[in-house]
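A.B. asks: here's a sequence, model it:
(2 chains)
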Amino acid sequence: MNYSFDFSFLRDYWPMLAEGLVLTVQLALMATVLGFLLGTACAVASTSRSRILRGLVGLYVEIIRNTPLLVQLFVVFFGLSSLGLKFSATTSAVIGLTINIGAYSSEIIRAGIESIHRGQVEAGDCLALSRWQVLAAIVLPTAIEKVYPALASQYVLLMLGTSIASQISAEELTAAASRIQSDTFRPFEVFLVVAALYIALSFLMRGMFWALGQFAFTRRRRLGTPL
Amino acid sequence: MAALLGLSPAHWAALLSGLSWTVFLSLVGFLAGGLVGFGVALARISESAIVRRISLAYVNLIQGTPLLILMFVLYFGLPVLGLEMPPLAAACIAMTLFSAAYLGEIWRGCLEAVPRTQWEAADCLALARWERMLLVILPQALRIATPPTVGFMVQIVKNTSIASVIGMAEMTYIGKLINNATFQPFRTYLVIAALYFALCYPLSWLSRRLERKLNVAHR
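C.D. replies: Below you'll find the model as predicted:
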């Protein structure tokens, strides 16, 4: 095998890669924030007393977790537009990714909520807190702190999943790579560079989630007690 | 012509052949990936620091890149180096490498979850290392590993859909073809989603059930 690597495409095409990278980060960020909110709401609903709410959330979570993201994006982008609901590729990607990650977040946060000792809730009741106050001040902060590592790695997986948005023509990093390789006929080099970018991005995200965790959950540092 | 859910019998025949390729690719991913993954799990807890570091690098490499990029590298990249790579082979290799990294990490966790004292007890009985692994650790780790392994099979089935991008004629690819012919994306993709659901839901259900059943020690 005498193949000479040629990375000179980087000189002409780096702005395209940079634009793709920015959109990838934006997609991941938006879907993470929106999906976290959706997931928290669904987790609260799935631990509520209403059987209808529990059933609806259960149905949503099972459907999303048992079908591929690629097909979900196709339904949102091609399917909804054929019904007259037209969104741009980027908007469709945000919608699809949010619906997807919302289901996973919901399951993780629900596990956190269910792991909280009843005594905590009863103590809140004794302090005459309303149900919403107990939820917002006691249950959710503790639950999210408990499942924070699981949530963080799910969101890193989501960032990698944004690559699938290239298939509905959202111009993120993978789509940029495909275009560059069809221009330059240097697929091996292009995809190696992009793979390296994704790896860097996933390490960066893990680092940021760690820092955010240090900032948001100070109990261990302040009190020296684990949950 | 009898049209079921707006799809003609010919469409359904194509979909079923796509379904069988999806199942085939999932099985390859699970079996070959499981084999390599077991090696990865052992390498991750090896006594040699170099082996540990290399296997960690492999896991970080695969878990840090999207499966789509892995498929692109294999399918578009390797032929440039002079390696013939049909979509089926690229998809099989990609699924194997992908599953091996994740299964390896899952199983490493399960091996490490077997209490330290069990390893020490096996050493005290003067068991060889392979005897310790085979007779003492694996039987206990198997119990811990079954629910997450079945759960990960769902991920494997779903991720085979990405092979459609490099032209492997599995279910999602057939779905795209049918959509190009019928211009009924909503209905077509809902049918595809339902078929994936039919494949994955039993596995999810089984995983949850096994977790309740086998998780006796932590109750």
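
A.B. asks: give me the element B:Leu103 is part of.
C.D. replies: In the assignment (DSSP states H and E), B:Leu103 maps to helix B:87-113.

A.B. asks: can you pull the contacts of the residue nearest to A:Gln120 when sequence neighbours are not counted?
C.D. replies: Spatially, and ignoring its direct neighbours in sequence, A:Gln120 is nearest to A:Ile138 (5.6 Å; C-beta to C-beta, 6 or more residues apart in numbering or on different chains). No exception for glycine: its C-beta is placed from N, CA and C like everyone else's. Contacts for A:Ile138 were tallied using C-beta atoms under 8 Å, 6 or more residues apart in numbering or on different chains; they are A:Ile116, A:Gln120, A:Val121, A:Ala123, A:Gly124, A:Leu129.

A.B. asks: what's the neighbour count on A:Glu145?
C.D. replies: Using other C-beta atoms under 10 Å in any protein chain shown, A:Glu145 has 16 neighbouring residues.

A.B. asks: same question, A:Arg222
C.D. replies: Counted with other C-beta under 10 Å, A:Arg222 comes out at 8.

A.B. asks: the top helix by length along chain A near chain B anywhere?
C.D. replies: Ordering each helix of chain A by length in residues (DSSP state H) puts helix A:9-46 first. No. Interface with chain B: helix A:9-46 contributes nothing (C-beta under 8 Å from any C-beta of the partner chain), its closest point being 9.9 Å away.

A.B. asks: could you list the buried residues of that helix?
C.D. replies: A:9, A:13, A:16-17, A:20-21, A:23-25, A:27-28, A:30-32, A:34-36, A:38-40, A:42-46 (16 or more other C-beta atoms under 10 Å in any protein chain shown).

A.B. asks: could you list every helix and strand in contact with it?
C.D. replies: helix A:51-65, helix A:89-114, helix A:140-161, helix A:173-184, helix A:187-216 (3 or more C-beta pairs under 8 Å, 6 or more residues apart in numbering or on different chains; DSSP states H and E).

A.B. asks: and it, how far from the chain's centre?
C.D. replies: In terms of C-alpha atoms, centre = their mean, to the nearest Å, the centre of helix A:9-46 is set 8 Å apart from its chain centre.

A.B. asks: what about it, average pLDDT?
C.D. replies: Helix A:9-46 shows a mean pLDDT of 95.

A.B. asks: can you flag the buried ones in the contacts of A:Ile138?
C.D. replies: Among the contacts of A:Ile138, those scoring as buried are A:Ile116, A:Val121, A:Gly124, A:Leu129 (criterion: 16+ other C-beta under 10 Å).

A.B. asks: tell me the secondary structure for the first one?
C.D. replies: Which is A:Ile116. Here A:Ile116 is coil, with the state taken from DSSP: H, G, I helix; E, B strand; the rest coil.

A.B. asks: who touches it in this structure?
C.D. replies: Contacts of A:Ile116 by C-beta under 8 Å, 6+ apart are A:Ile138, A:Val139, A:Thr142, A:Ala143, A:Lys146.

A.B. asks: my read: B:Ala101 touches B:Gln63, true?
C.D. replies: Yes. The pair B:Ala101 / B:Gln63 is scored as a contact, 5.7 Å apart, by C-beta atoms under 8 Å.

A.B. asks: between the two, point out the one with more neighbours.
C.D. replies: Of the pair B:Ala101 and B:Gln63, B:Ala101 is the one with more neighbours under other C-beta under 10 Å, namely 24 against 18.

A.B. asks: confidence score at the residue lying closest to A:Leu201 once chain neighbours are set aside?
C.D. replies: Take A:Leu201 and drop its neighbours on the chain: the residue closest to it by C-beta to C-beta, 6+ apart is A:Met159, 6.3 Å away. pLDDT for A:Met159: 97.
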